[in-house]
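Visitor: no FASTA, just this:
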Ligand SMILES: N[C@@H](CC1=CC(=O)C(=O)C=C1)C(=O)O
């Protein structure tokens, strides 16, 4: 294994001060903390998108722009070619954990602009704590939010109304038309958000039917969402054709902590290769059913996306029990427009940090260079600014987040009372 170590700040020098952000379980926030979080989210969601100019501004305070860094609106070579990826996110490669770590900091920095005098951190959705049969914390399901002073507002964590249209130019390949109009509100399972021309009629009929269920009994669709996510996390998921498509995700998070090195921990492509070489489990899609097969963090992460969004796109194996459920979280193009995305990823970052501390990789990450999962063409394809067939390592730019940006203590993030993450760890500064 060759080593590509990240340089990090000197841990000893760091002091807890008001610039250090403490990330907490969202279920544990006080009313005052929640009030502040909600106000900051309203602030970023209300900020108009920046003018449509390149390069993208990584210091934007507009939620539309930040959400748009992940997938749509596509830019670069991936704007209209599916051989490339038009968003900046990295999946199926070794930059998956680090890119998303930088992404969380980007949103957190924008939230911080709401009131610079109060330190704000993103709380996480603790996905191991399924709270009986209600794995999704209530705050994400309330249509309105009531502040301590009694004022009621639309809840910014329930749904986001697109400040601008997004257009999917990849139609009809590789999958559905993920174009969405300005003013579209993000949705979750069992609803569908496929409002592009070829799908809109089916979607309207489907969503009316789902709404009808709520008319018969208030809260039915929320219960369906909770039980779907519960099944993905703790039980087994059967799709609409009776095929088992997932489950045991909470256990898989724990299993991922035992992955022996960063490369195979970090992403599905590298883990598949690792497992292919060691176990004959091709029937399980190369993702390892053997007890000692490696579980990459990305896999349970994917499961929660599919659970919250649902996924049943023509021509692709269904991942939903309810047909036509295609909420935004289920698809890479649109997932980050649903506010819950960031709380999900905050939990992913926590598991990443837990793996780092368990494996003494908290001040550096060792990478198996040139291993599957380390090339820019792996999985969804090269991101804007990265050429095809480039070897990825921990020096690869995490666009659009610049090197050297914000290399200050303002980026120290407490994940748990005793641990912190230094942004230097997610990127060589
Ligand atoms: N495309 C992933 C699920 C998924 C992952 C993401 O990272 C995302 O943003 C949206 C969806 C899968 O099929 O397993």
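Guide: Noted; the coordinates are in hand. These numbers were taken from a predicted model, which means no experiment stands behind them.
Visitor: Residue 344: what secondary structure?
Guide: helix (DSSP: H, G, I helix; E, B strand; the rest coil).
Visitor: Report the contact partners of it.
Guide: For residue 344, the contact set (Cβ atoms under 8 Å, 6 or more residues apart in numbering) comprises 125, 127, 301, 304, 305, 308, 329. Any C-beta I mention is one placed from the backbone N, CA and C, and that applies to glycine too.
Visitor: And for this protein, the residue most distant from the center?
Guide: Most distant residue from the mean C-alpha position of the chain: residue 216, 33.3 Å away (Cα atoms, centre = their mean).
Visitor: so how far is the ligand from that one?
Guide: Distance from residue 216 to the ligand, counting by Cβ to the nearest ligand atom, to the nearest Å: 31 Å.
Visitor: likewise residue 240?
Guide: 16 Å.
Visitor: Can you get me a residue count around that residue?
Guide: By the other Cβ atoms under 10 Å criterion, the neighbourhood of residue 240 contains 15 residues.
Visitor: How about residue 197?
Guide: 9.
Visitor: Same question for the one 10 residues further on.
Guide: Around residue 207 sit 20 other residues, with neighbours defined as other Cβ under 10 Å.
Visitor: try residue 130
Guide: 17.
Visitor: hang on, isn't it packed against residue 233?
Guide: Yes. At 5.7 Å, residue 130 counts as touching residue 233 under the criterion of Cβ atoms under 8 Å.
Visitor: Which residue is it, in the stretch 51-200 of the chain, that comes closest to the ligand?
Guide: residue 91 (5.3 Å; Cβ to the nearest ligand atom).
Visitor: quick one: contacts for that residue?
Guide: 267, 298, 332, 379, 380 are the contacts of residue 91 under Cβ under 8 Å, 6+ apart.
Visitor: swap in residue 322?
Guide: Residue 322 touches 189, 190, 224, 228, 240, 310, 312, counting by Cβ under 8 Å, 6+ apart.
Visitor: Can you tell me the SS state at it?
Guide: Residue 322 ends up coil, using three-state DSSP.
Visitor: Okay, and residue 387 sits in which element?
Guide: For residue 387, there is no helix or strand it lies in under DSSP states H and E.
Visitor: Just the pLDDT at it, thanks.
Guide: pLDDT, residue 387: 93.
Visitor: Count the residues that sit near residue 34.
Guide: Per other Cβ under 10 Å, the neighbour tally for residue 34 reads 17.
Visitor: And for residue 38?
Guide: 18.
Visitor: swap in the one 5 residues further on?
Guide: Residues within reach of residue 43, counting by other Cβ under 10 Å, total 17.
Visitor: what helix or strand is the residue nearest to residue 196 when sequence neighbours are not counted on?
Guide: Nearest residue to residue 196 in three dimensions, chain neighbours excluded: residue 177, at 2.8 Å (Cβ to Cβ, 6 or more residues apart in numbering). Using DSSP H and E, residue 177 is not contained in any helix or strand.
Visitor: Quick check, residue 177 in contact with residue 197.
Guide: Yes. Under the criterion of Cβ under 8 Å, residue 177 lies in contact with residue 197, with a separation of 6.3 Å.
Visitor: Now for residue 358: which residues touch it?
Guide: Contacts of residue 358 (Cβ under 8 Å, 6+ apart): residue 257.
Visitor: And it, its phi and psi?
Guide: phi -60, psi -30 (degrees, to the nearest 10).
Visitor: Leaving out sequence neighbours, find the closest residue to residue 296.
Guide: Nearest to residue 296 is residue 271, by Cβ to Cβ, 6+ apart, at 3.8 Å.
Visitor: measure the one you found to the ligand for me?
Guide: 13 Å.
Visitor: Please report the number of neighbouring residues for that residue.
Guide: Neighbours of residue 271 (other Cβ under 10 Å): 27.
Visitor: The helix or strand harbouring it packs against which elements?
Guide: Using DSSP H and E, residue 271 falls within helix 268-278. Secondary-structure packing of helix 268-278 (3 or more Cβ pairs under 8 Å, 6 or more residues apart in numbering; DSSP states H and E): helix 262-266, helix 298-309.
Visitor: residue contacts, residue 267?
Guide: By Cβ under 8 Å, 6+ apart, the neighbours of residue 267 are 91, 92, 93, 94, 96, 296, 297, 298, 373, 379.
Visitor: Please repeat the previous calculation with a cut-off of 10 Å.
Guide: 90-97, 296-299, 301, 372-374, 378-379 (Cβ atoms under 10 Å, 6 or more residues apart in numbering).
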